[in-house]
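[1] what shape does this take:
(2 chains)
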Amino acid sequence: MTIARSRSLWTSLASLTSTLLAASALALVASTSLGCSSPSGETVNSVALRAETPLPARAGSVIVDGCVLDPWQRATLAGPGAKRVLQDVILLCLVPRLDGTVGPRDPSALQHLAALIADLGTDGYHVSLAVAFTDETGQRYDGPQTRALLGDPGWRARFIETLVPALAPAVGVELDLQGLPNDARDLITAFVTEVSQAVRPAKRLGVFVPPSVTIPSDLPGGDAFARAALGTQVDRMRIMTLDFSDHGPGPTIDPGWAVDAVRLAKRDARAVDIAYPLYGTDFGPRGHRSTTYLEAIAIANVTGAPIAHGPTTAPFVRYVAYGNEPHELWFDDVDSTSRALAAWNYDTLPADVGVVFYGLGAEQPNLFESLGARMP
Amino acid sequence: MRRLAILLGIAIVAAATPARADVDFQLAGTAGAAWTRSLPALTTPSVTTAAREVPESRVPIGGSLTWVGAGFELGMTIDDHIVIPGFGIAGYGAVGSYDAIVTAADGSIARVRPWSAYRLDVLMPGIGYRVKHRRFMFEASLRTGISAMYMGGSIAGGASESETKLSAFSGVLQAELEACRRLDPVTRLCVQVAPRIYDFGFMNGATLGLRVEWGR
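    Numbering: from 1, shown residues only, chains lettered A, B, ... in the order given. From the prediction side, this is the model:
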């Protein structure tokens, strides 16, 4: 009986072996006939960037270009997504005048500003006011003019005298000095130190810093900022890793370049932010201009231009504008933004590095809801 | 007493027949498919892009991959049952249609191309057992090895990107289950299934091969 069972087992195994051999031969022929592998034409995110992967939790701030919020911006900040991603709102609102007086000064403007700050406070935001050192057009950062002003003790005294009351409703102030030559280095350090002594510790002080990646700086005016000296005078240094493609069409930010800029700054300052643009840039033969996500989508729709994606996954549109001018419009969307934030994991940037988003209102409308859903 | 000791010694020596093991050597060639359940993080060397110098960094990939390839190996048997898989080498290339994968290398956005992947396995010794029944033979063994995996990719630098070759290395521990049919006294045609107990991770894949073995 046992022998019969054993024979039956061997016979079954032999039969199975023959079948497997035939099947394997067929499979091998089939595999070989497939020849090689090929791209599907689709793109997926890797394990670390997938939508279900939580984004690194970081201190979040957003910069609003102006003293007021339009209803859309206010609605965005009222949403649960923005509340999860952002803790600080920075209104790029204050402007020093030629005599050093910090505006706005009229009671109506100050009253509305205070009301706005109080309103944002009810949503849990800490609001700071940033000082833009623009000329009277409100657009152009005139470095030589600013340098001359910073070198005037009377101007600085008047600035500080009027800055302190202007900050009353806010938690702090941010200094946005741009376009200054390298030889303004000592003036900037002295100015920031004076402001620091006047406002801290009652108010927080931050400073916007150019995104240098080398020493000496690779940027014009990059060495005007003595980061080590400034780092002791401010509560947070915002590394403005924006406008990467300054001279020709390209993404507004390269996430790897931004990492290098922040790493360099982190050698000198304890608390730094990496900046991420919410706006896009439209490059044309007459120069470039900032745009919004919705404008980019509208242009793509109106002109029938396809939306392509660059190496950083930032979308862009090539279109022909009025006068047959060729344009290339680069912007960011939920995907490119969340990929960059995911790429900035804790192995790449320490957890104490914050993110400051620039240009509230220019982003894809559901951006903060999408980012908020991925926050741990 | 002394004579008794000498007689006992002679008896022991006479009784101890030579313990000579029956050793045979085999050569085998295998062609087949492999499957990796989850691709490991690969390492990119330092790459210069238009935006920065990206240092050597580990790049997470994920996803599975199917391979086809071939290899050959040497082995031996002791007393027709104990199997010692010896050294061998196998090469595989990716087969199928794959999505490009967007990932990150030291904060830079990177793309990898799974369809460009290939791997080399250096098979190393193990231990096993085999039985024969008429023209059929069945074998199970456990063996070690080393695997190297390579994949093409690129790293973004602003509006351009730089090519890179990513790689990873791992020790391998695999179980080999084999069923063969003898074609002639020294040639067998076999089918081999080898679950990878460790291969860039635990229980991370398997190979299925059609195999020709030469040797007794």
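[2] for the host helix or strand of A:Val320, buried residues please.
    Following DSSP states H and E, the helix or strand that holds A:Val320 is strand A:315-321. Within strand A:315-321, the residues that count as buried by 16 or more other C-beta atoms under 10 Å in any protein chain shown are A:315-319. Where you see a C-beta, it was placed from the backbone N, CA and C, and this is true even at glycine.
[3] neighbours around the closest residue to A:Gly280 other than its chain neighbours, how many?
    Once flanking residues are discounted, A:Gly280 sits nearest to A:Phe331: 2.7 Å by C-beta to C-beta, 6 or more residues apart in numbering or on different chains. By the criterion of other C-beta atoms under 10 Å in any protein chain shown, A:Phe331 has 30 neighbours.
[4] got any ranges where chain A has weak pLDDT?
    Under the criterion pLDDT under 70, the flagged ranges of chain A are A:1-35.
[5] again, only this time at 80
    A:1-36, A:47, A:136, A:138-139 (pLDDT under 80).
[6] nearest the geometric middle of it, what residue?
    By C-alpha atoms, centre = their mean, chain A has its centre lying nearest to A:Tyr276, at 0.5 Å.
[7] so does the host helix or strand of it get close to chain B?
    Using DSSP H and E, A:Tyr276 maps to strand A:272-277. No: taking C-beta under 8 Å from any C-beta of the partner chain as the criterion, strand A:272-277 and chain B are apart, separated by no less than 9.5 Å.
[8] so which elements touch that strand?
    Packed against strand A:272-277, as judged by 3 or more C-beta pairs under 8 Å, 6 or more residues apart in numbering or on different chains; DSSP states H and E, are the following elements: strand A:236-239, helix A:255-266, helix A:334-343, strand A:354-358.
[9] try it again at 10 Å.
    On a contact count with 3 or more C-beta pairs under 10 Å, 6 or more residues apart in numbering or on different chains; DSSP states H and E, strand A:272-277 meets strand A:60-64, strand A:204-209, strand A:236-239, helix A:255-266, helix A:334-343, strand A:354-358.
[10] out of those, which gets nearest to A:Met375?
    Nearest of the helices and strands packed on strand A:272-277 to A:Met375, taken as C-beta to C-beta: strand A:60-64 at 9.0 Å.
[11] and the next helix or strand past that closest one?
    Assigned by DSSP H and E, the successor of strand A:60-64 is helix A:71-78.
[12] for whichever helix or strand comes after the strand holding A:Tyr276, the distance to its chain's centre please.
    Sequence-wise, the next helix or strand downstream of strand A:272-277 (DSSP H and E) is strand A:280-284. On the basis of C-alpha atoms, centre = their mean, to the nearest Å, strand A:280-284 sits 17 Å off its chain's mean C-alpha point.
[13] next, the angle from strand A:280-284 to strand A:315-321.
    Using axes from the mean of the first three to the mean of the last three C-alpha atoms, to 10 degrees, the interaxial angle of strand A:280-284 with respect to strand A:315-321 works out to 40 degrees.
[14] point out where chain B drops to low pLDDT.
    B:1-21.
[15] ok, A:Pro251 touching A:Asp333?
    No: the pair A:Pro251 / A:Asp333 is not scored as a contact, 11.8 Å apart, by C-beta atoms under 10 Å.
[16] what touches both of the two?
    Shared contacts of A:Pro251 and A:Asp333, defined by C-beta atoms under 10 Å, 6 or more residues apart in numbering or on different chains, comprise A:280, A:309, A:313-315.
[17] now those as a markdown table including distance to B:Gly215?
    Converted to a markdown table, the shared contacts of A:Pro251 and A:Asp333 look like this (distance: C-beta to C-beta, whole Å):
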| residue | distance to B:Gly215 |
| --- | --- |
| A:Gly280 | 68 |
| A:His309 | 56 |
| A:Thr313 | 55 |
| A:Ala314 | 60 |
| A:Pro315 | 61 |
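[18] that'll do, ta.
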